[in-house]
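> Provided below for reference: sequence and predicted model.
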Amino acid sequence: MVEQNNFVSALRHASGTAALAASGALAIGGALVGYGMLEAQKFGLRHETLKVLPRGYGDIKVLHLSDIHMVPGQEAKTRWLRSLADLEPDFVINTGDNLSHRKGVPALIKALEPLMAFPGAFVPGSNCYYAPKLKNPFKYLAPSTGTPSPASRDKLPFEEMHRAFGSAGWINMSNRAHSTVLNGLRLDLSGVDDPHLDLDHFAGWPRGSSSSNQAPHVRIALTHAPYQRVLDQFTEAQADVIFAGHTHGGQVCIPGYGALVSNCDLPTWRARGLTDWDYNGNTVPLNVSAGIGTSRFAPIRFACPPEAVLVTLAARG
């Protein structure tokens, strides 16, 4: 009888310990999720300088926006985006994934309205065409396994968004090349439609870009998803700088280590920031934005706060 009582007592103690451990794990998990939701609202501005302009030309301030993932009612994000107009950029580059909801376009245009007063260019991402869907969050941590199927996803009103961008003078760079003049310098732009949906086609550079007697110029390449095949094409074609997004910087990172995934074939250590991309003897600066938003189904970030990037293009020494 004594042995039986001891067994029951031990069993109760073990059950209590397990319950405490489970409660502790839930508390820690809840705290981490709470922090992640808070960090997703800690919008910041990263500054970079690149000496890629011809000698004798003044600086050009390029504001790089990416992965806004707008949802109606995101007032803090709206206020912060509108405040970026105070930077008075010379040019705005938007590398896609602007929406996370079918009714997000009016909120997006309201947020970007002050910035659309400045010249700009854009390329779309998959979350310009299709809304994100609810899925197991652990799948995000798995390696990318090819082109996603949009068949079961809601189509987004990207035409309305693109019309608003175009009416403001922003240039749609989806699989095309275009030249524009800014501060007396020719900007040769080349962009691709979203490689994550396998829609990319490199159109080369604007006519005359490679001519030896061409006016001074700078070559700027745009892509949403920084797949290696696209970066290789831009680099072999001698771009001066490449702008990309898509990765969210990894979104959930390990402090001191960095991103666990890039959501494409880009090495994870390149998932955020300014690095050099090398291919076939050429080297080109690559700026990958960690993005501004998240999918509405995974509104957290960890050790990877949202950002816009102000890149100052300066003259070569």
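Cool, the structure landed. Numbers count the residues shown, from 1 in each chain.

> what's the spacing between Val261 and Met161?
According to CB to CB, to the nearest Å, Val261 and Met161 sit 27 Å apart. (Glycine included, C-beta is placed from N, CA and C.)

> quick one: which of the two has more around it?
Met161 (22 against 19; other CB atoms under 10 Å).

> quick one: that one is in a strand?
No - with DSSP: H, G, I helix; E, B strand; the rest coil as the criterion, Met161 is located in helix rather than a strand.

> nearest spatial neighbour of it, chain-adjacent residues omitted?
Val105 (5.1 Å; CB to CB, 6 or more residues apart in numbering).

> pLDDT score for Gly34?
Note on Gly34: pLDDT of 70.

> for the stretch 151-300 of the chain, which segments count as strands?
Ranges of strands in the stretch 151-300 of the chain, per DSSP state E, counting those that start in this stretch, are 171-172, 176-182, 185-191, 217-222, 241-244, 253-254, 258-259, 273-279, 282-288.

> and those strands, which is most packed in?
Among those, ranked by average contacts under mean count of other CB atoms under 10 Å, first place goes to strand 241-244 (a mean of 26).

> any idea how far stretch 59-78 is from the middle of the chain?
In terms of CA atoms, centre = their mean, to the nearest Å, the centre of stretch 59-78 is found 10 Å from the chain centre.

> measure the most centrally placed residue in the chain to Gly208 for me?
Centrality entry for the chain: nearest residue to the mean C-alpha point is Gly245, 3.0 Å, by CA atoms, centre = their mean. Separation of Gly245 from Gly208 (CB to CB) stands at 29 Å.

> ok, back up a step: Leu65 versus the residue nearest to the centre of the chain, what's the distance?
For Gly245, the distance to Leu65 - CB to CB - is 8 Å.

> what do those two both touch?
Thr95, Ser289 (CB atoms under 8 Å, 6 or more residues apart in numbering).

> which residues of the protein score low on pLDDT?
1-33, 135-153, 210-214 (pLDDT under 70).

> what segments of the stretch 1-150 of the chain are helices?
Taking DSSP state H, counting those that start in this stretch, the helices of the stretch 1-150 of the chain run over residues 2-39, 75-83, 105-112, 126-129.

> before we move on, back to that, kindly reformat the strands of the stretch 151-300 of the chain as TSV containing distance to Ala117.
Shown next, in TSV, are the strands of the stretch 151-300 of the chain (distance: least, CB to CB, whole Å):
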stretch	distance to Ala117
strand 171-172	15
strand 176-182	15
strand 185-191	18
strand 217-222	20
strand 241-244	20
strand 253-254	34
strand 258-259	34
strand 273-279	27
strand 282-288	23
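
> out of those strands, which is closest to Met37?
Distance to Met37, taken as CB to CB, is lowest for strand 253-254 among those, at 15.7 Å.

> out of the strands of the stretch 151-300 of the chain, which is closest to Ala85?
Closest among the strands of the stretch 151-300 of the chain, once you apply CB to CB, is strand 176-182, at 17.4 Å.

> what's the angle from the closest one to strand 217-222?
Comparing the axes of strand 176-182 and strand 217-222 via axes from the mean of the first three to the mean of the last three CA atoms, to 10 degrees yields an angle of 130 degrees.

> and strand 176-182, how far from the chain's centre?
That offset, for strand 176-182, works out to 22 Å (CA atoms, centre = their mean).

> again with stretch 183-191
22 Å.

> which residues does that stretch contact?
53-54, 57-58, 60, 90-91, 121, 123, 171, 173-181, 202-206, 209, 214-223, 234, 237, 239.

> same deal with stretch 293-302?
Against stretch 293-302 from outside (CB under 8 Å, 6+ apart): 32-33, 35-37, 39-40, 67-71, 74, 77, 97, 100-101, 127, 132-135, 137, 140, 248, 251-253, 306.

> give the buried residues for it.
Gly293, Thr294, Ser295, Arg296, Ala298, Pro299, Ile300, Arg301, Phe302 (16 or more other CB atoms under 10 Å).

> for Leu286, see how far away the fourth one is.
Summarising the geometry, the distance separating Arg296 from Leu286, computed by CB to CB, is 28 Å.

> then the second one?
In this view, Thr294 and Leu286 are 22 Å apart by CB to CB.

> and the first one, by the same measure?
In this structure, Gly293 and Leu286 are separated by 22 Å, where distance is defined by CB to CB.

> what's the answer for the fifth one, then?
When CB to CB is the yardstick, Ala298 and Leu286 sit 25 Å from each other.

> just flag the most distant two among the buried residues of stretch 293-302.
Arg296 and Phe302 (17.4 Å).
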